[in-house]
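S.K.: test case, fold it:
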Amino acid sequence: MSQDKPIVKCSVSNCNFWGENNFCHADAIMIDIDQHATRRLHEEFAGETFDSDHHDHARTSSATCCHTFKPK
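M.R.: Next comes the predicted model:
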C-alpha cells in the first residue's frame, strides 16, 4: 500500500488549502454528507484529528460536502 497522498482537485479557489492546478494541499480532508452540513465542526482540519466516528451512506456524490474548507 502506497504512503503517498491521493491527488485531490478542488474548484474552491478561496480555500486556504487550494494550490496550483486546483490541487488541494491539506494534510487531511474531512468529507461528510450534506445532512450534517450545519454541524459545528472545527474550523481548521488539516494536521488535526477529525472528530467524526459516525458512518453514513451517500446515494450520490452531490449528497456530500467537504468540511476541510478554510477561507484564505
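
S.K.: so what's the residue count around W18?
M.R.: Neighbour count of W18, defined by other C-beta atoms under 10 Å: 19. No exception for glycine: its C-beta is placed from N, CA and C like everyone else's.

S.K.: using PDB, write out every CA atom in stretch 20-31.
M.R.: Provided in PDB are the C-alpha atoms of stretch 20-31 (Å, rounded to 0.1, in the frame of the first residue of the first chain):
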ATOM      1  CA  GLU A  20      -1.600  25.300  -8.200                       C
ATOM      2  CA  ASN A  21      -3.600  23.400 -10.800                       C
ATOM      3  CA  ASN A  22      -6.500  23.200  -8.400                       C
ATOM      4  CA  PHE A  23      -4.700  20.700  -6.200                       C
ATOM      5  CA  CYS A  24      -5.700  20.500  -2.500                       C
ATOM      6  CA  HIS A  25      -2.700  20.900  -0.200                       C
ATOM      7  CA  ALA A  26      -4.500  19.900   3.100                       C
ATOM      8  CA  ASP A  27      -2.800  17.200   5.200                       C
ATOM      9  CA  ALA A  28      -6.100  15.600   5.700                       C
ATOM     10  CA  ILE A  29      -9.600  16.100   4.200                       C
ATOM     11  CA  MET A  30     -12.900  15.800   6.000                       C
ATOM     12  CA  ILE A  31     -15.900  14.900   3.800                       C
END
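
S.K.: ok, and for it, which residues are buried?
M.R.: Neighbour-count burial for stretch 20-31, counted by 16 or more other C-beta atoms under 10 Å, picks out 24, 26, 29-30.

S.K.: so which residues of the chain form strands?
M.R.: Ranges of strands within the chain are 31-33, 64-66, based on DSSP state E.

S.K.: out of those, flag the one nearest H55.
M.R.: Nearest to H55, of all those, is strand 31-33, at 10.2 Å by C-beta to C-beta.

S.K.: output the contacting helices and strands for the closest one.
M.R.: strand 64-66 (3 or more C-beta pairs under 8 Å, 6 or more residues apart in numbering; DSSP states H and E).
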